[in-house]
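A.B. asks: just need the structure, nothing else, for what follows:
(2 chains)
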Amino acid sequence: DTEVTQTPKHLVMGMTNKKSLKCEQHMGHRAMYWYKQKAKKPPELMFVYSYEKLSINESVPSRFSPECPNSSLLNLHLHALQPEDSALYLCASSQVYSTSGSYEQFFGPGTRLTVL
Amino acid sequence: KNQVEQSPQSLIILEGKNCTLQCNYTVSPFSNLRWYKQDTGRGPVSLTIMTFSENTKSNGRYTATLDADTKQSSLHITASQLSDSASYICVVSASGGSYIPTFGRGTSLIVHP
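C.D. replies: Numbering: from 1, shown residues only, chains lettered A, B, ... in the order given. The predicted structure follows:
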């Protein structure tokens, strides 16, 4: 299985809602990532988890809360989002987290989030 | 500041034609460069990875080149197909320190029949 899956595919939420995005991989990868991608822009790194521990937080607002319950799962909890947070949220995984970036990241299809 | 610049921003070609996409970078110290293909509404898929010592690497109809001296890379697509319509993103990684890859803004390729 060389796939990263993400649910839901689409999500519409109000600014007062609480929702979660889920990401799953069964490739035995020990590094997982969350990216945010706005239309016609490249993905922006949000968080990196290495061996289920948060390694990088790219100064992401606290209304985004990541969680890595085990080596196969990665969640992104959303609360009190703003309309400008509407974007495609991509999850990725790699064999391990390397400071040289030498391990390929496998991306999921993304969750299209719309905040009303 | 690490930067990756891609050109052209968008490109329209006819099916069967060849095309070349460009990537210039200022990432240092250089570790590797990847080309990704991203279909609309989907996650990026890696096409090639190139390290400092590699000049050319092919993956089917895709051929990537790297000139580490001028810090330039190109992605050549041969005999384009309608399914090649996508965004092509150049991603450069630096060695050492925390791993935060630098993404280019991508080239949007449209292949017309």
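
A.B. asks: how about the residues of chain A near chain B?
C.D. replies: A:4, A:40-45, A:48, A:55-56, A:58, A:88, A:90-92, A:97-102, A:104-110, A:112 (C-beta under 8 Å from any C-beta of the partner chain). For glycine as for every other residue, the C-beta is placed from the backbone atoms N, C-alpha and C.

A.B. asks: nearest residue to B:Thr20 other than its sequence neighbours?
C.D. replies: Distance criterion C-beta to C-beta, 6 or more residues apart in numbering or on different chains; nearest residue to B:Thr20, sequence neighbours excluded, is B:His76 at 4.8 Å.

A.B. asks: try B:Cys23
C.D. replies: Per C-beta to C-beta, 6+ apart, closest to B:Cys23 is B:Cys90, 3.5 Å.

A.B. asks: who's in contact with the one you found?
C.D. replies: B:4, B:6, B:21, B:23, B:25, B:33-36, B:73, B:75, B:103-104, B:106 (C-beta atoms under 8 Å, 6 or more residues apart in numbering or on different chains).

A.B. asks: hang on, A:Met32 packs against A:Glu67?
C.D. replies: No. Contact between A:Met32 and A:Glu67 fails when scored by C-beta atoms under 8 Å: they sit 10.8 Å apart.

A.B. asks: any shared contact partners between these two?
C.D. replies: Joint contacts of A:Met32 and A:Glu67 (C-beta under 8 Å, 6+ apart) are A:Leu74.

A.B. asks: quick one: which of those two has more around it?
C.D. replies: A:Met32 (26 against 15; other C-beta atoms under 10 Å in any protein chain shown).

A.B. asks: in terms of secondary structure, what does the helix or strand harbouring the more buried one contact?
C.D. replies: A:Met32 is part of strand A:31-37 when elements are defined by DSSP states H and E. Contact analysis of strand A:31-37 by 3 or more C-beta pairs under 8 Å, 6 or more residues apart in numbering or on different chains; DSSP states H and E lists strand A:18-25, strand A:44-50, strand A:73-79, strand A:87-94 as its packing neighbours.

A.B. asks: keeping just the C-alphas, turn it into CSV.
C.D. replies: Output in CSV follows, covering the C-alpha atoms of strand A:31-37 (Å, rounded to 0.1, in the frame of the first residue of the first chain):
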residue,chain,number,x,y,z
ALA,A,31,7.4,11.2,9.5
MET,A,32,4.1,13.0,8.6
TYR,A,33,3.4,16.5,7.5
TRP,A,34,0.5,19.0,7.1
TYR,A,35,0.6,21.5,4.4
LYS,A,36,-1.8,24.3,3.4
GLN,A,37,-2.3,25.3,-0.2
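
A.B. asks: what lines up beside it in the sheet?
C.D. replies: If you go by DSSP bridges, strand A:31-37 pairs up with strand A:44-50 (antiparallel), strand A:87-94 (antiparallel).
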